[in-house]
Every structure is written in structure tokens, then in C-alpha cells.
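Visitor: no FASTA, just this:
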């Protein structure tokens, strides 16, 4: 619960900053994203269940709201 709350608190300002303003002129901007989701963190670490799907979902959000295309994202 705490982790998802922290993630949400970090995500909302980032998306708000990335959203284009209605009054701002559109400049030619290319956005890039490197998204990493690893379920197996290595020996001696607990195996995660949703790290890969979370990274893909976050990529979908960046594409929809942040203007980052799949061509310029690594997921």
C-alpha cells in the first residue's frame, strides 16, 4: 500500500509537468523512456510478481499522456 501510494505521488506531478499546456506553443520535442521491470532480482532476493507488467503499463501511460511513443521507448 505504501509503495503504491509513493508511486502515485511521484507519478502525478511528473504527468502534470509532461502534459502540454493549452496556451503554450507546440515545440518539436522528442521524448525517450527506458522502462525496466525485472521479476527475478537475483539470488537471495524475493521474486516479484508484477514488475514486468507494471513497466509495460507505465509505458502505456507515458505513451497516452506523456507523448512518448513506443518507437522511442525501451520496455
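Guide: Yep, it's here. Only a predicted model underlies this, so the values are computations on that prediction, with no experimental measurement involved.
Visitor: which phi and psi does residue 33 have?
Guide: Note on residue 33: its backbone torsions stand at phi -140, psi 140 [degrees, to the nearest 10].
Visitor: With residue 34 instead?
Guide: Per degrees, to the nearest 10, the backbone of residue 34 is at phi -120, psi 110.
Visitor: partner residues bridging it?
Guide: residue 74 (DSSP bridges).
Visitor: any low-confidence regions in this structure?
Guide: Filtered on pLDDT under 70, the chain yields the residue ranges 1-26, 72-75.
Visitor: for it, what spans make up the helices?
Guide: 2-18, 51-65 (DSSP state H).
Visitor: And residue 27, how close does it get to residue 67?
Guide: Distance of residue 27 to residue 67, given as CB to CB, to the nearest Å: 11 Å. C-betas here are computed from N, CA, C, even on glycine.
Visitor: quick one: which of these two has more around it?
Guide: Taking neighbours as other CB atoms under 10 Å, residue 27 and residue 67 compare with residue 67 leading, 14 against 6.
Visitor: Around the closest residue to the more buried one other than its chain neighbours, count how many other residues there are.
Guide: Leaving aside its chain neighbours, residue 67 sits nearest to residue 31 (5.5 Å; criterion: CB to CB, 6 or more residues apart in numbering). Other residues near residue 31 come to 13 when the count uses other CB under 10 Å.
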